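Chemist: Here is my input, please return the structure:
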Amino acid sequence: MIQLIVGALAGAAAAPVLRAAAARYAVPAGVPLAACGECGRASWWLPPTGRCPSCRAWWGPSPLLVELVAVGAGLAVGAAAAWPVGPALGWVALFAVVLAFVDAAVHRLPDALTLPLGVGTALLLALGGFDRPGVLLRCLAAGVVLGLVYGALAALGPMGLGDAKLALTLGALLAWYGWRTVFDGAFAGFLLAAAWGLLLLLTRRAKAKDPLPFGPCMLLGALVTILTVR
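Modeler: Down below sits the predicted model:
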């Protein structure tokens, strides 16, 4: 129970920074980071209302949405966290909230987010598993394998390179729990993407050839899989 409370509080505390990051990075490739459309301020935090601290203009995700997702992510980390993998889970959760909103908005996973996510996760896993060389070797191998699979899919068209870079991190994190978890986490991502795509088609909110942001499905699939590990 204490871990759940701490996780929820941590998510709520990080939410203003995560909301601002989601708003700033939700831009097409090659475009400078976004700022307030009214006053031009590039804020590094935003209140739950999503309004600019300077001019009160609204920008970024819908009010309270980032906060709810951040608290949910914190609860999930609190439920799943166990030493020594807990810090890596928390690190991934912070970036996952931002990446999910950015990918949903502009269909891209920026290097400015995926690269520090990957480096930080690798360092935290290495620190946590310094006395478990077999586990670290599995994490490395799984990250490479999943990255190559998504890289091949990106070359064929249905995925983006950002998805492949994210797969490196998720593969390494999932492999902490075993190869079965890697497979289940990847499969869950594809299953969620298929369900989401079908729902959009049935509700006529998208057409068959419309691109589908795959990052949120990858992240949610990995989270659900980790939560169900026994």
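
Chemist: Quick one: residues contacting the residue sitting nearest the centre point of the chain.
Modeler: Residue closest to the mean C-alpha point of the chain, counted by C-alpha atoms, centre = their mean, is residue 96 at 2.1 Å. Residues in contact with residue 96 (C-beta atoms under 8 Å, 6 or more residues apart in numbering) are 73, 219, 223. Just so you know, the C-beta spots here come from the backbone N, C-alpha and C atoms, and that holds for glycine as well.

Chemist: helix or strand for it, which one?
Modeler: helix 86-106 (DSSP states H and E).

Chemist: Residue 177 too?
Modeler: Using DSSP H and E, no helix or strand contains residue 177.

Chemist: Secondary structure element holding residue 147?
Modeler: Going by DSSP H and E, residue 147 is in helix 133-156.

Chemist: Give the buried residues for whatever helix or strand comes next after the helix holding residue 96.
Modeler: Sequence order places helix 111-128 as the next helix or strand after helix 86-106, per DSSP H and E. Of all the residues in helix 111-128, those buried under the rule 16 or more other C-beta atoms under 10 Å are 113, 114, 117, 118, 120, 121, 122, 124, 125, 128.

Chemist: What's the mean pLDDT across helix 111-128?
Modeler: On average, the pLDDT along helix 111-128 is 97.

Chemist: and that helix with helix 86-106, angle?
Modeler: Here helix 111-128 runs at an angle of 170 degrees relative to helix 86-106 (axes from the mean of the first three to the mean of the last three C-alpha atoms, to 10 degrees).

Chemist: for helix 111-128, packing partners?
Modeler: helix 2-25, helix 86-106, helix 133-156, helix 161-175 (3 or more C-beta pairs under 8 Å, 6 or more residues apart in numbering; DSSP states H and E).

Chemist: give me that answer again for 6 Å
Modeler: helix 86-106, helix 161-175 (3 or more C-beta pairs under 6 Å, 6 or more residues apart in numbering; DSSP states H and E).

Chemist: Report the distance from it to the chain centre.
Modeler: Relative to the centre of its chain, helix 111-128 is centred 13 Å away, using C-alpha atoms, centre = their mean, to the nearest Å.

Chemist: May I have that helix as CSV, with CA atoms only?
Modeler: Output in CSV follows, covering the C-alpha atoms of helix 111-128 (Å, rounded to 0.1, in the frame of the first residue of the first chain):
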residue,chain,number,x,y,z
ASP,A,111,15.2,11.2,-30.4
ALA,A,112,15.4,13.9,-27.7
LEU,A,113,13.2,11.6,-25.6
THR,A,114,14.0,8.1,-26.8
LEU,A,115,17.8,8.4,-26.6
PRO,A,116,18.0,9.6,-22.9
LEU,A,117,15.3,7.1,-22.1
GLY,A,118,17.5,4.3,-23.5
VAL,A,119,20.7,5.5,-21.9
GLY,A,120,19.1,6.0,-18.5
THR,A,121,17.4,2.7,-18.6
ALA,A,122,20.7,0.9,-19.5
LEU,A,123,22.6,2.6,-16.7
LEU,A,124,19.9,1.8,-14.1
LEU,A,125,19.6,-1.8,-15.1
ALA,A,126,23.4,-2.1,-15.1
LEU,A,127,23.6,-0.7,-11.6
GLY,A,128,20.7,-2.8,-10.3
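
Chemist: Between helix 2-25 and it, find me the angle.
Modeler: Using the same axes, to 10 degrees: helix 111-128 against helix 2-25 is 150 degrees.

Chemist: List the contacts of helix 111-128.
Modeler: 84-85, 87-88, 91-92, 95, 99, 139, 162, 165-166, 168-169 (C-beta atoms under 6 Å, 6 or more residues apart in numbering).
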